[in-house]
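Participant: Provided below for reference: sequence and predicted model.
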Amino acid sequence: MSVLQVLRTVLFYLLLSSSSFVWCIVSVFVAPFLPFRARYRFVIQNWCRLAVWLARTVVGIRYDIRGLENLPERPCVILAKHQSTWETFFLSAFFEPLSQVVKRELLYVPFFGWAMAMLRPIAIDRSNPKAALKQLARQGHERLEQGAWVLVFPEGTRVPVGQIGKFSRGGASLAVNAGMPVLPIAHDAGRFWPKAGWAKYPGTIQVVIGPAMYAEGQGSRAAAELNDRAFAWVERTQREIGCLDSEGCLSETPATP
């Protein structure tokens, strides 16, 4: 990474962290007086748009999105590939209102966690998987009925570029029980905003929105089949955009132009 890119990355982190601190403080005092949708736009959507804009403007991380014609009319369950932090910002800005599955511990962080708690996240205890699945099913159904998108990263954690993790069935089960489709999303954000380290690399992230997929039937078997279909689409699309090892995406650190 060039010296100039290092300086740009440092500036990016300074602007991102300072804006986060100020915005969280403001949100804690303003958001409680806003209805939920306006609260989401004020607290999350606007700041996440700022984060995506800073990434583009300061460190040169742009994006190209395909598949907009696949967006359903009603909010549903989003099953997205997880490689970096960028897609969390992007998806939170693009879909609104959006309820995200997060670690419960995040809500305890001063100001940041307090602001997040007002946005109806599904805060799970990862040390208790069975209870977490029940909570996702119950609260996720409530969020969908309230007109919110539910974002699930079915791999459970960020997976390095060139790899794909096993999909948990929680998101697919939620969709089946709620009578909603899943919306698969693939991307290669980790090539420019890697999972590990602080480095950021200029380039264009490819975001692909897949077709809304409905379960064929009810129950656990239908959820498993739906989950397998979503996984197969994401895996195939990751290959198509050149982001699985067999297609040459072997590195998290592309050469800087």
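Facilitator: Alright, I've got the coordinates.

Participant: for the residue positioned nearest the centre of the chain, give me the pLDDT.
Facilitator: For the chain, the residue nearest the mean C-alpha position is Thr88 (3.5 Å; C-alpha atoms, centre = their mean). pLDDT, Thr88: 92.

Participant: the residue nearest to it when sequence neighbours are not counted pairs with what?
Facilitator: Of all residues not flanking Thr88 in the chain, Gln100 sits nearest, at 7.6 Å (C-beta to C-beta, 6 or more residues apart in numbering). The way it works is simple: take the backbone N, C-alpha and C, and place the C-beta from them, glycine included. Beta-bridge pairing of Gln100 under DSSP bridges involves Leu151.

Participant: what's near enough to touch Gln100?
Facilitator: Neighbouring residues of Gln100 by C-beta atoms under 8 Å, 6 or more residues apart in numbering: 88, 92, 121-122, 150-151.

Participant: can you tell me which of those is nearest Asp188?
Facilitator: Using C-beta to C-beta, Thr88 is the member of those that lies nearest Asp188, at 15.2 Å.

Participant: quickly find the element holding that closest one.
Facilitator: helix 86-94 (DSSP states H and E).

Participant: list the helices and strands that helix packs on?
Facilitator: Secondary-structure packing of helix 86-94 (3 or more C-beta pairs under 8 Å, 6 or more residues apart in numbering; DSSP states H and E): helix 46-59, strand 77-80, strand 98-103, strand 182-187, strand 203-209.

Participant: residues in contact with that helix?
Facilitator: Counting by C-beta under 8 Å, 6+ apart, 44-45, 48-49, 51-52, 55, 61, 63, 78, 80-81, 98, 100, 151, 185, 187, 189, 192-193, 205, 207 sit against helix 86-94.

Participant: would you map the helices across the stretch 101-250 of the chain?
Facilitator: For the stretch 101-250 of the chain, applying DSSP state H, counting those that start in this stretch gives helices covering 112-117, 129-145, 170-178, 219-240.

Participant: just say which of those helices is most tucked in.
Facilitator: Burial of those is given as mean neighbour count (mean count of other C-beta atoms under 10 Å); helix 170-178 ranks first at a mean of 25.
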